[in-house]
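In: After the sequence you'll find the predicted model.
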Amino acid sequence: MKNWGQPLPEPAELKRQLLHMAALDVIMNEEDWLRVYRYVPDWKEDAALGIVDNGAGDDVYVVFAEEGVIMKGFDHMSPLSPHAREEYGIWPGMYETAPAGLLAYLDNDLFEREDVTFCIWRQAGDSAWKTGEPQEAEGEDDGSDFLLGYLKHTPEEHAEWAVSYYEKPVDLEAVRGLFAGAAVTEELIAALNPQRSAKDALTELEGLGLRADRGR
């Protein structure tokens, strides 16, 4: 086990960012399966779940629990993929030093636990993110630079990403308001996606735990 060597947001900030990124995807895209960012506040009784899935075979799952946070990333092109090994299997050293209480959350069919090229965690009370030490993997690309880039967006960076992804203009001030935690209104939804049903979007956003102002 060692400290993770790249900057990552604090757990509470990471959770907030994933929530707001997922909220923007709810507004921009009514089809859940086409969204890159998803957030499930009540995934377990004691845990929330954030998901990044780029639709190209790469994903990140982030579990936020009382014990801390655990993140499983998978880059299908990485040489650390279990599919890239001569004999299929998780790269030795990937999970061995992860806290058992956090690792247990990955024992779920949703995660495809074997599909992993990096794993990062932060136990409650710790001051640094940790990771395992995959054997003989020094210098190999685990996909973390690429995939963690999805998790470190400012409102401005995320608006720029959304313009590229959705191939249409995205109202920057509306994105800033969403990221700032303002109550979501029909006007904000219309500013971001005039074709989106505000009623349906507000219902989904309330399910994420966001404040909604329906104008009543």
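Out: All right, it came through fine.
In: In this protein, which helix is the longest?
Out: In the chain, with assignment by DSSP state H, the single longest helix is helix 11-28.
In: In that helix, which residues are buried?
Out: Using 16 or more other C-beta atoms under 10 Å as the test for burial, helix 11-28 gives 11, 14-15, 17-28. No exception for glycine: its C-beta is placed from N, CA and C like everyone else's.
In: ok, now stretch 110-125?
Out: Those would be 111, 113, 115-123, for stretch 110-125 by 16+ other C-beta under 10 Å.
In: Dump these into a markdown table; add distance to Glu186, pLDDT and secondary structure as well.
Out: As requested, the buried residues of stretch 110-125 are exported to a markdown table (distance: C-beta to C-beta, whole Å; pLDDT from 0 to 100; DSSP: H, G, I helix; E, B strand; the rest coil):
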| residue | distance to Glu186 | pLDDT | secondary structure |
| --- | --- | --- | --- |
| Phe111 | 36 | 86 | helix |
| Arg113 | 41 | 94 | coil |
| Asp115 | 39 | 96 | coil |
| Val116 | 41 | 97 | coil |
| Thr117 | 42 | 97 | coil |
| Phe118 | 40 | 97 | strand |
| Cys119 | 41 | 98 | strand |
| Ile120 | 38 | 98 | strand |
| Trp121 | 40 | 99 | strand |
| Arg122 | 37 | 98 | strand |
| Gln123 | 41 | 98 | strand |
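In: Partner strands of the worst-scoring helix or strand of the chain on mean pLDDT, with direction?
Out: When each helix and strand of the chain is scored by mean pLDDT, DSSP states H and E, strand 212-213 comes last, with a mean of 86. Under the criterion DSSP bridges, strand 212-213 sits next to strand 184-185 (parallel) in its sheet.
In: Run through who's touching the partner strand.
Out: Residues outside strand 184-185 that contact it (C-beta atoms under 8 Å, 6 or more residues apart in numbering): 23, 178, 201-202, 205, 210-213, 215.
In: 6 Å instead?
Out: Applying C-beta atoms under 6 Å, 6 or more residues apart in numbering, the contact partners of strand 184-185 are 205, 210, 212-213.
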